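In: Give me a model of this one.
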Amino acid sequence: MGKRIAALDKGFDKLKTYSLEEGVKLVKKNATAKFDESVELHVRLGIDVKQSDQQVRGTLNLPHGIGKSKKVAVIAKGEKLTEAKAAGADLMGSEDLIEAIAKGSMDFEVLVATPDMMKDVTKLGKILGPRGLMPNPKSGTVTFDIGRTVKELKAGRVEYKADSMGIVHTVVGRASFDLTKLTENARTMLEAITKAKPQTSKGVYMKSITLTSTMGPGVHLDTAQKY
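Out: Next up is the predicted model:
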């Protein structure tokens, strides 16, 4: 453990759970790296991810964005490509972009496709799937509403999804955000995850909540707090 992390660990009680407001203050205080660290939430849920009716996944627009504009690519045709360009998409194309991706060109963070292109896009499953880049109706990335979708993604629309261990890992802002903005973003995300609780999930839903910055120690939040 480096001296910086060791010093940060002494600055708070790692066994204690904090309120959201207290946790945000600690995370900001401990974000001492030489770059603007991301602030992340890691929520362990009481769900059985092997059951199709216990999947937790969704998208939302955080009130203050995430402080970073994502590179968005769009696969569409005709006027939808014009719409994508006007909305600020970074890459656009039809069969040509599909071919480029098949050859390994992956210079984007989010891929959006119109429904009529998905038959060809699914052929890229082995490439896009492992990277979490396959367009999906549930995440709002398969749509004819290209303009609105691209604008929202560029502004900081966030997707959250429980992984194979039932844990949601998601960014809620940057360490440079003020306390109010970070707290509101984190609360919005926690509210969304709470509302996404599957009806078939039994027992404790939010088992643990950890708030951290990219290079800082994790701060445990109180799961009993209402979100």
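In: make it CA atoms for all contacts and neighbour counts henceforth
Out: Noted.
In: ok, residue 218 - contacts?
Out: 27, 210-212 (C-alpha atoms under 8 Å, 6 or more residues apart in numbering).
In: End to end on stretch 66-74, go ahead and measure it.
Out: One end of stretch 66-74 to the other measures 21 Å (C-alpha to C-alpha, to the nearest Å).
In: Make residue 1 into 409 and carry on from there
Out: Yes, from this point I'll number from 409; that puts the last item at stretch 474-482.
In: what does it contact?
Out: Residues outside stretch 474-482 that contact it (C-alpha under 8 Å, 6+ apart) are 489, 492, 497-501, 515-521, 558, 561-564, 579-582.
In: Could you pull up the residues touching residue 574?
Out: Residue 574 neighbours (C-alpha under 8 Å, 6+ apart): 452-457.
In: still on that earlier bit, among the contacts of residue 626, name the buried ones.
Out: Buried subset of the contacts of residue 626 (neighbour count, 16 or more other C-alpha atoms under 10 Å): 435, 618-620.
In: re earlier: could you dump the contacts of residue 626 to CSV with distance to residue 481, secondary structure and pLDDT?
Out: Formatted as CSV, the contacts of residue 626 follow (distance: C-alpha to C-alpha, whole Å; DSSP: H, G, I helix; E, B strand; the rest coil; pLDDT from 0 to 100):
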residue, distance to residue 481, secondary structure, pLDDT
435, 33, helix, 94
618, 32, strand, 97
619, 30, strand, 97
620, 29, strand, 96
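In: just to revisit the earlier point, what about the contacts of stretch 474-482, which are in helices?
Out: Judged by DSSP state H, these include 489, 492, 558, 561-563 as members of helices.
In: ranking those residues by neighbours, who comes first?
Out: Counting neighbours by other C-alpha atoms under 10 Å, residue 558 leads the ones in helices among the contacts of stretch 474-482 with 29 neighbours.
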